[in-house]
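quick one: sequence plus predicted model below, questions after.
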Amino acid sequence: MSKKVYHPEMTYTQFKEGKFNKAIFGVGSAENHGFHLPFGNDTLVSHGIAMAVAQKVDGMLVLPPVNVGVSYHYDDFPFTLTLRPEVLIEVLKDILNSTIRQGINRIIIINGHDGNIAPIEIAARSVKVAHPDVFIASLDAWWVKAGELLPQDTFEVWNGLGHAGEGETSISLYLFPELCQPEEAQGVVPDLPEGLDIKWKFNEITPYGATGDPTKGTAEKGKKMFNVLVDYIVKSIQDLEKNQWKYGVMLKM
């Protein structure tokens with residue numbers, strides 16, 4: 001039987017009964033995901049991971065996900081919505097500060113979109129400096145972490161990477177197949193030169209709104225990705241709790 005963990009669906013009485021002392025939330029986007037995945041894909045995946053983690057961790061409250069991220073490098077493809085980076089930073093700071101004011105000072109962020117990584121870093125660092133006793137951690141790129149955790153032969157193309165590619169299509173087919181149209185999938189592995197990290201716009205590297213090979217995506221691969229990610233996050237939290245959320249070394253000056 002599942003626990004009541006999702007803030008928007010909870011009454012104050014249920015919140016009190018839950019004895020929540022930790023929080024987790026997803027940060028997603030509202031953007032084109034090729035011809036075959038829903039616009040809210042990044043939000044749906046990051047929120048799905050957060051919900052699954054909360055079912056396995058006592059006292060974990062799931063906050064509402066951030067549904068719009070920094071996506072202006074994708075907005076040549078319809079129908080993409082975007083926040084400015086400075087706006088997302090302030091939104092995240094407000095969510096973090098609100099959570100802290102409500103008495104929860106252990107917060108996990110599950111990010112679903114590449115454009116959000118820098119704003120999450122800036123917002124989290126800023127709040128941490130203002131509240132040194134607060135613990136904030138983030139999974140910045142689940143699509144990369146899944147490839148690191150799974151056997152190397154799990155994916156057929158580009159280690160499953162790409163926007164709306166093999167990996168993202170797989171996890172979407174597993175979590176919400178009713179929202180996907182795999183028969184419409186097209187993609188390309190971009191021919192980017194080795195060396196410097198090029199700050200591309202997405203239409204420069206694909207005509208399809210997707211990179212990688214989404215036609216190789218399967219729900220079976222998606223299930224493996226989802227399970228290994230949830231287990232990884234849960235174990236990380238359990239290890240932190242065993243150590244009373246302490247880490248590092250404090251030097252006496």
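Nice, thanks for sending it over. Bear in mind that the values here come from a model prediction, so they are computed numbers and not experimental data. Numbering: from 1, shown residues only.

in which helix or strand would I find residue 167?
helix 166-175 (DSSP states H and E).

who touches that helix?
Defining contact as Cβ atoms under 8 Å, 6 or more residues apart in numbering, one finds that helix 166-175 is touched by 33, 36-38, 41, 44-45, 48, 143, 146-147, 155-162, 179-180, 182, 185, 212-214, 216-223, 225-226. For the C-beta atoms, the positions are set from N, CA and C on the backbone; glycine is no exception.

of those residues, buried ones?
Taking 16 or more other Cβ atoms under 10 Å as the criterion, what is buried in those is 33, 36-38, 41, 44-45, 48, 143, 146-147, 155, 157-162, 180, 182, 185, 212-214, 216-217, 219, 221-222, 225-226.

what distance separates the start and the end of stretch 147-159?
The straight-line separation of the ends of stretch 147-159 (Cα to Cα, to the nearest Å) is 6 Å.

give me the low-pLDDT residue ranges for the chain?
Counting by pLDDT under 70, the chain contains low-confidence residues at 249-253.

quick one: the strands in it, in order.
In the chain, the segments counted as strands under DSSP state E are 22-27, 60-62, 106-111, 135-139.

so where do the helices sit in the stretch 51-200 of the chain?
Taking DSSP state H, counting those that start in this stretch as the test, the helices found in the stretch 51-200 of the chain are 85-101, 117-130, 142-149, 166-175.

just checking, what packs against the longest helix along the chain?
Among all segments of the chain classified by DSSP state H, the helix with the greatest residue count is helix 219-242. Secondary structure elements in contact with helix 219-242, counted by 3 or more Cβ pairs under 8 Å, 6 or more residues apart in numbering; DSSP states H and E, are helix 41-56, strand 106-111, strand 135-139, helix 142-149, helix 166-175.

most packed of these?
Mean neighbour count, computed with mean count of other Cβ atoms under 10 Å, is highest for helix 166-175 among those, reaching a mean of 26.

distance of the closest residue to residue 35 other than its chain neighbours from residue 37?
Of all residues beyond its chain neighbours, the one nearest residue 35 is residue 184 (4.1 Å), with distances taken as Cβ to Cβ, 6 or more residues apart in numbering. Distance from residue 184 to residue 37, counting by Cβ to Cβ, to the nearest Å: 9 Å.

ok, residue 245 next?
According to Cβ to Cβ, residue 245 stands 36 Å off from residue 37.

then residue 27?
When distance is defined by Cβ to Cβ, residue 27 is 18 Å away from residue 37.
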